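Trainee: After the sequence you'll find the predicted model.
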Protein chains: 2
Amino acid sequence: MDTKPLLDYLRRYVDLDQEEEALFLSKVRLRKYLKGQYVVQQGDVCLYENFVLSGCLKSFHMDPEGHEHIVMFAIEDWWTGDLGSFLSQTPASLNVQCMENCELAQLMHSDLQELYLRVPKLERFFRIIIQKAYVASQQRVVQNLSMPARDRYLFFRKQYPRIDQRVPQYMIASYLGITPEFLSKIRSQLIYEQ
Amino acid sequence: MDTKPLLDYLRRYVDLDQEEEALFLSKVRLRKYLKGQYVVQQGDVCLYENFVLSGCLKSFHMDPEGHEHIVMFAIEDWWTGDLGSFLSQTPASLNVQCMENCELAQLMHSDLQELYLRVPKLERFFRIIIQKAYVASQQRVVQNLSMPARDRYLFFRKQYPRIDQRVPQYMIASYLGITPEFLSKIRSQLIYEQ
DNA sequence: GTAGCATCTTAATCTAGGTTAATCTCCTTT
DNA sequence: AAAGGAGATTAACCTAGATTAAGATGCTAC
């Protein structure tokens, strides 16, 4: 298990010296999960921010009727977890589950607070990352309001060309906010049109 | 026009010394807008992050068919703008328009970059703010996927008890992603139920 | 006070997408 | 190779919410 992807990612946004980088790495916990395992469970406190070294995960909310609603997928070089729960250390409203065997780099809340104080550049690093995540989330809100399911699916395929090979269609349907049957109908219409 | 609300807000999250606070304020531009004026227009670059000192604004996307989709409202003590456009200084996909006469405190992109370097605590300040905004946006995605319009409306009323006195119903409908007619039907059902 | 515009409501009809359930296609596992 | 089981498809029918269009209400301005 190798932290290189995380360091490469970090270096894209901030310039840490040797000592700062070492301090950062000293707080990172590496952990393997098997396919199917939960990294966060709805109702538990989300203990870590998770950087994906390898594998693929989904985060989803389970509603009172027992239906899954997928909020996002995460693959290599993505962060995942329930940020709301992590920040306030209160029970999570999301589950994060591995869809493949996964290798994660994890940061505990208290360690991250300490890191912010000792390596202020990390404030910048996480500010930039969250800004990007926020913009993407806003964009998704707009799309869900303004585009029909068919267009959202086309956009999804463009935005995540690799993910749609790795996850089953019924999960893509859940991400899009439609049923698997309706996604199937959309797909057959798209094929017919060509 | 008074910057006190902004300073109070700032002090809730970070502890700046006199000099830092003065530097911050020196970069803040105060500006009044009249009801109906645009702070950002779709297609233009978003030049400022805007803190609302007084007034009420909406940010919305206009789709190719000419339909408005309201992304958020902003009142006193909220930030608004098109963050995606602001960060990358590329054309905005959102409009921000005043629904009342407004007083805004504005930060230019280049000034903010300079502030980050000279007052690193501001990295923390904006990190925390954006984190909260991101969590709220994620929550909205989940709600739009999992809740019917009626429940989204009830939630909206709880979350923004003051806003719904200040904006017309057809805008609330747009925010919820439904037509004004359907919102009207929901409201009459709710009244009937009591 | 009344003309004019913006907003809200009601009701009839229509449609995107949901539900149910049966069939089909692959993978696994033995 | 047979038997499950997970996932995908198809089709018949159903519903939340959209569309259209007609009034109703309420401002604001002259």
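Mentor: Ah, there it is.
Trainee: Does stretch A:149-169 reach chain B?
Mentor: No: looking at stretch A:149-169 against chain B by C-beta under 8 Å from any C-beta of the partner chain, there are no contacts, and the closest approach is 10.5 Å. Every C-beta, even on glycine, is put in place using the N, C-alpha and C of the backbone.
Trainee: That stretch - what's its average pLDDT?
Mentor: Regarding stretch A:149-169, the rounded mean pLDDT is 89.
Trainee: same check, this time on stretch A:35-45
Mentor: The average pLDDT within stretch A:35-45 is 94.
Trainee: And the contacts of that stretch?
Mentor: Judged by C-beta atoms under 8 Å, 6 or more residues apart in numbering or on different chains, the contacts made with stretch A:35-45 from elsewhere in the structure are A:33, A:46, A:48, A:50, A:57, A:59, A:61-62, A:80-82, A:85, A:89-102, A:104.
Trainee: Flag every residue of chain A that's near DNA strand D.
Mentor: With C-beta under 7 Å from any atom of the strand as the criterion, chain A meets DNA strand D at residues A:168-170, A:180-181, A:183-185, A:187-188.
Trainee: Pull out the buried residues from the contacts of stretch A:35-45.
Mentor: Applying a neighbour-count criterion of 16 or more other C-beta atoms under 10 Å in any protein chain shown, the buried members of these are A:33, A:46, A:48, A:50, A:57, A:59, A:61-62, A:80-82, A:85, A:92-99, A:102, A:104.
Trainee: Sitting in strands, which of the residues you listed do you find?
Mentor: Using DSSP state E to define strands, the subset of these located there is A:33, A:48, A:50, A:57, A:59, A:61-62, A:80, A:95-98, A:102, A:104.
Trainee: and those near chain B, which?
Mentor: By C-beta under 8 Å from any C-beta, the members of those lying near chain B are A:His61.
Trainee: Tell me which two of the ones in strands among the buried ones among the contacts of stretch A:35-45 sit farthest apart.
Mentor: Pairwise distances among those were taken by C-beta to C-beta; the largest, 21.7 Å, belongs to A:Met62 and A:Leu104.
Trainee: pLDDT at the residue nearest to A:Leu30 when sequence neighbours are not counted, what is it?
Mentor: With C-beta to C-beta, 6 or more residues apart in numbering or on different chains as the measure, A:Met1 is the residue that lies nearest to A:Leu30, at 4.9 Å, once sequence neighbours are left out. A:Met1 is assigned 81 on the pLDDT scale.
Trainee: residues in contact with A:Met1?
Mentor: Contacts of A:Met1 by C-beta under 8 Å, 6+ apart are A:30, A:32, A:53, A:103.
Trainee: Tell me which residue in chain A sits closest to DNA strand D.
Mentor: Sorted by distance to DNA strand D under C-beta to the nearest atom of the strand, the residues of chain A start with A:Gln169, at 3.0 Å.
Trainee: How about the contacts made by that residue?
Mentor: Going by C-beta under 8 Å, 6+ apart, the list of residues near A:Gln169 reads A:180, A:183-184, A:187.
Trainee: again with A:Met72
Mentor: A:58-59, A:80, A:175.
Trainee: what's the distance between the longest helix anywhere in chain A and the middle of its chain?
Mentor: Of all the elements of type helix in chain A, the one with the most residues (DSSP state H) is helix A:121-146. What separates the centre of helix A:121-146 from the centre of its chain is 12 Å, taken as C-alpha atoms, centre = their mean, to the nearest Å.
Trainee: can you tell me if that helix touches DNA strand C.
Mentor: No: contact between helix A:121-146 and DNA strand C is absent, the nearest approach being 9.7 Å (criterion: C-beta under 7 Å from any atom of the strand).
Trainee: list the buried ones in the next helix-or-strand element following that helix?
Mentor: As assigned by DSSP states H and E, the chain's next helix or strand after helix A:121-146 is helix A:149-159. The neighbour-count check on helix A:149-159 (16+ other C-beta under 10 Å) flags A:149-150, A:152-153, A:156 as buried.
Trainee: Between those residues, which sits nearest B:Glu123?
Mentor: Lowest distance from B:Glu123 to those (C-beta to C-beta) belongs to A:Phe156, with 32.9 Å.
Trainee: The closest one touches A:Tyr175, doesn't it?
Mentor: Yes: between A:Phe156 and A:Tyr175 there is a contact at 7.0 Å, judged by C-beta atoms under 8 Å.
Trainee: Pop out the phi and psi values for A:Gln89.
Mentor: Main-chain torsions, A:Gln89, degrees, to the nearest 10: phi 50, psi 50.
Trainee: what's the answer for the one 4 residues further on, then?
Mentor: Per-residue torsions, A:Ser93: phi -100, psi 0 (degrees, to the nearest 10).
Trainee: residues in contact with it?
Mentor: Contacts here follow C-beta under 8 Å, 6+ apart; on that basis A:Ser93 touches A:42, A:61, A:82, A:84-85, B:139, B:142.
Trainee: Select the helix or strand of chain A having the lowest average pLDDT value.
Mentor: Lowest on mean pLDDT, DSSP states H and E among the helices and strands of chain A sits helix A:163-166, with a mean of 82.
Trainee: That one: which residues count as buried?
Mentor: A:163-164.
Trainee: Are that helix and DNA strand C in contact anywhere?
Mentor: No: applying C-beta under 7 Å from any atom of the strand, one finds helix A:163-166 separated from DNA strand C by no less than 12.1 Å.
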